[in-house]
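Asks: all I have is the shape, not the residue letters:
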């Protein structure tokens, strides 16, 4: 009897191992396709001079922007962030800082530094049919006519963004994190697809690559190309590699086929009327940026519109990444919960031909690879252990599976590092390339298994329905703003 | 059960991939070292060029100065000199300097640009066109026409070529906006119109009905933005107020509001139209109200008062703003806020008075 059971179990494990190998092979092949599509686009645009889009600087047709900056307990960096926004390279814009019930001195600092006065005259609301937490006061700067502060009760980032949208006066708004450092011509770059839209084509959202600022020299909210650096912290280096992989190999190609489901919350431009019609940001969601994009895609399909969501294959902003595994864990489990929530909320789009490529390609990809991928990888690692006790054949399965995981993990990341070097060359030194490449080699052996476990935990938490807050980032002094010496 | 074959295959694939990645890594690493070295050399050269007593500064300053060091003798020199001149163009204050930059470019950089127009890399080709545009390399007109017809160039490159040729006032390109029109994105049409000589724009405006709709509406916008204020242009704009195309009428109203003047006959005709059959679209009413505020003709005041009761808030606000611009506007607003029969008009007048302080 036990022999029969053992034989049955071995047959099951045989089939299961095959399934894992096939899964990893298919996903790796899919990534290679994305890699090829991205490489082509990146290579075509590499080295294009800024003059190609500087036309937008002086053009009267450049769409004016409402830059919404939600802020919660940002007294450390909010003043320098707003100062750098006030000096951006753009023709017409307003800045709406939304204080979301901060418990520190965010509001007081802003009022003092920018000479802000409470606005008594009537405020024109944009008509977002979504209630937000009560607005306490509205302030306008006497020194900078285009700077407004909206002070409201705490309601979360989505709620703050909705309040900002409601107050904005321009047809496009920018969602921007308070600590994001923008490239000098970031706005010109993301607005370019909007201005260059063909007749009949509408660009309803646009975003770009986000770089990791740790290790770079940022002065007064600006980062010059020659000051881009690579942190010595191995956790940060692995995140840089991850970001490169995600942006260069994933988002560019997905956006090309208009199946991109994420525009980074750190920096993105949106058409206000579409977002209002979609109902604004969903409050109480972890991944509010992704959830909104999914809803916009849904609207595009349901309206049978030619509208598109654009993506700039270039770094448009820089953000601070966690430097400790503890903070990173909180971030990644939160991101995975956000992914689950967005996909679950719109689950009827999955494999639904009514939603075209979104339903038949994007959703299955995000479900089977991004969301359930950690589950499969987790089981894969367990399988490696189980194979170890089953016998020679299964050792060979383990070897094959391990090699596949090596390709899926380290090799794809090494490829992403090389693609970045070949196309964008954001990291100026040879030592940067060497370190990134060598660390990418090690990914399968430590970083990827850690991420797998955390994302798996995030999935379990999401299924159980964990509550969330503003975010888990702990700002480190000196990462986002150095003082220039000499 | 045996997996010998699968394991060998997997090892082979992994081995090949590892080898390829390592080869690529070493190639890119050495390439980066070479590129960085070149870049350092380039930066050092650029710094030397920008020194006050450099050969280039003497050439640009005095004119007539020549030196062997001004003649580019290697590829890097062409790159450096081009970059330097493009940078200097942005800073140059005098026509003489600009002329010397362009004259130098025509003599020494045209060939370099020409070769890049047939580069395999798209970004190189686009950069070459951008340089040709800034440096006014009109000798490259045949090559730019080739971009319009050549199959290896994509839409983005053709659009760029259109813009550059328009900058050169090249007549066949102007025909692309009329009789030889091929569908272009609005931004390309605008880019072309913004660099054409005003005489070309007047020529296009004379027969607006023959123009494609996209060109027509963008033409009016560009006339407004470029602030072209000739008598002929005014007459052409006034004639467009009767257009059967609503979008064109809206843009014309906006353009005339910017102009700030209309002939008496045109004002009478405009008043008749707006009081007879008010425009259905609120955007047209908005622009009409703005025009009235810009012209500040007393004949408009009753119409403006009526439009302060418009169902659309933006129209009401604009009407109140326009009334405030007239002489005695404040007193008029006070009277409206107190005595106007329409509640909306009273409210908007009161709001305007608060904003005016």
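Replies: That came through fine. All figures in this text were calculated on a predicted structure; none of them were measured in a lab. Numbering: from 1, shown residues only, chains lettered A, B, ... in the order given.
Asks: run a quick neighbour tally on residue 322.
Replies: If you meant another chain, say so; for now it's chain A. Residues near residue A:322, counting by other Cβ atoms under 10 Å in any protein chain shown, number 21. From N, CA and C alone the C-beta is placed, and that goes for glycine too.
Asks: let's do chain B instead
Replies: 27.
Asks: also residue A:302?
Replies: 10.
Asks: what helix or strand does residue A:76 sit in?
Replies: Assessed by DSSP states H and E, residue A:76 sits outside every helix and strand.
Asks: so how far is chain B from it?
Replies: 35 Å (Cβ to the nearest Cβ, to the nearest Å).
Asks: can you count the residues close to that residue?
Replies: 17.
Asks: show me where the stretch 201-350 of chain B has helices.
Replies: Remark: helices assigned in the stretch 201-350 of chain B by DSSP state H, counting those that start in this stretch are B:213-225, B:231-240, B:246-259, B:264-276, B:282-295, B:301-307, B:313-325, B:329-339, B:343-356.
Asks: so which of the ones you listed is nearest chain A?
Replies: Among these, the nearest to chain A by Cβ to the nearest Cβ is helix B:213-225 (4.5 Å).
Asks: now the closest one: buried residues?
Replies: Applying a neighbour-count criterion of 16 or more other Cβ atoms under 10 Å in any protein chain shown, one finds B:214, B:215, B:216, B:217, B:218, B:219, B:220, B:221, B:222, B:223, B:224, B:225 buried in helix B:213-225.
Asks: where does the residue nearest to the second one when sequence neighbours are not counted land in three-state SS?
Replies: Leaving aside its sequence neighbours, residue B:215 sits nearest to residue B:177 (Cβ to Cβ, 6 or more residues apart in numbering or on different chains; 5.1 Å). The three-state assignment at residue B:177 reads coil, by DSSP: H, G, I helix; E, B strand; the rest coil.
Asks: need the phi and psi values for residue B:177.
Replies: With angles defined as degrees, to the nearest 10, residue B:177 sits at phi -90, psi 0.
Asks: separation between residue A:136 and chain B?
Replies: Distance from residue A:136 to chain B, by Cβ to the nearest Cβ: 21 Å.
Asks: that's a helix at that residue, yeah?
Replies: No: using three-state DSSP, the assignment for residue A:136 is strand, not a helix.
Asks: that one against residue A:149, yeah?
Replies: No: using Cβ atoms under 8 Å, residue A:136 makes no contact with residue A:149, being 10.5 Å away.
Asks: wait, what's in contact with the residue of the stretch 201-350 of chain A at minimum distance from chain B?
Replies: Nearest to chain B in the stretch 201-350 of chain A, going by Cβ to the nearest Cβ, is residue A:201, at a distance of 8.3 Å. Neighbouring residues of residue A:201 by Cβ atoms under 8 Å, 6 or more residues apart in numbering or on different chains: A:306, A:307, A:308.
Asks: tell me which of these fall in strands.
Replies: Among the contacts of residue A:201, DSSP state E puts residue A:308 in strands.
Asks: show me how to select, in PyMOL, the buried members of the contacts of residue A:201.
Replies: The PyMOL selection below is limited to those of the contacts of residue A:201 classed as buried (16+ other Cβ under 10 Å):
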select buried, chain A and resi 307+308
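Asks: where does pLDDT dip in the stretch 301-450 of chain A?
Replies: A:392-393 (pLDDT under 70).
Asks: do that again at 80, thanks
Replies: By pLDDT under 80, the weakly predicted segments of the stretch 301-450 of chain A are A:388-397.
Asks: for the residue in it that chain B sits nearest to, pull up the helix or strand it's in.
Replies: Across the stretch 301-450 of chain A, the shortest distance to chain B (Cβ to the nearest Cβ) belongs to residue A:396, at 4.0 Å. Per DSSP H and E: residue A:396 is located in helix A:392-406.
Asks: same question for residue A:206.
Replies: strand A:203-212.
Asks: repeat that for residue B:164.
Replies: helix B:155-167.
Asks: what's that helix packed up against?
Replies: Packed against helix B:155-167, as judged by 3 or more Cβ pairs under 8 Å, 6 or more residues apart in numbering or on different chains; DSSP states H and E, are the following elements: helix B:122-135, helix B:141-149, helix B:171-175, helix B:186-195.
Asks: quick one: the first one to helix B:155-167, angle?
Replies: Think helix B:122-135. 10 degrees (axes from the mean of the first three to the mean of the last three Cα atoms, to 10 degrees).
Asks: what about helix B:122-135 and chain A, any contact?
Replies: Yes: on the criterion Cβ under 8 Å from any Cβ of the partner chain, helix B:122-135 is in touch with chain A at B:122, B:123, B:124, B:126, B:127, B:130, B:134.
Asks: that helix versus helix B:186-195: what angle between them?
Replies: Using the same axes, to 10 degrees: helix B:122-135 against helix B:186-195 is 20 degrees.
Asks: how many neighbours does the residue nearest to residue A:138 when sequence neighbours are not counted have?
Replies: Ranked by Cβ to Cβ, 6+ apart and with sequence neighbours excluded, the top spatial neighbour of residue A:138 is residue A:119, at 4.5 Å. When neighbours are defined as other Cβ under 10 Å, residue A:119 has 14 of them.
Asks: for residue A:119, give me phi and psi.
Replies: Given degrees, to the nearest 10, the pair of backbone angles that residue A:119 has is phi -90, psi 120.
Asks: got the contact list for it?
Replies: Residue A:119 neighbours (Cβ under 8 Å, 6+ apart): A:138, A:139, A:140, A:148.
Asks: let's see the pLDDT reported for residue B:314.
Replies: We have a pLDDT of 88 for residue B:314.
Asks: repeat that for residue A:263.
Replies: 82.
Asks: residues near the closest residue to it other than its chain neighbours, how many?
Replies: Distance criterion Cβ to Cβ, 6+ apart; nearest residue to residue A:263, sequence neighbours excluded, is residue A:207 at 3.6 Å. Applying other Cβ under 10 Å, we find 27 residues neighbouring residue A:207.
Asks: surely residue A:207 meets residue A:265?
Replies: No: using Cβ under 8 Å, residue A:207 makes no contact with residue A:265, being 9.3 Å away.
Asks: tally of neighbours for residue B:27?
Replies: Residue B:27 has 13 neighbours, counted by other Cβ under 10 Å.
Asks: er, residue B:355 actually
Replies: Applying other Cβ under 10 Å, I find that residue B:355 has 13 neighbouring residues.
Asks: picking up where we left off before, the helix or strand that the helix holding residue A:396 is followed by - contacts with which helices or strands?
Replies: Scanning forward in sequence from helix A:392-406 by DSSP H and E, the next helix or strand is helix A:412-423. Packed against helix A:412-423 by the contact rule (3+ Cβ pairs under 8 Å, 6+ apart) you find helix A:2-45, helix A:234-244, helix A:430-442, helix B:4-49.
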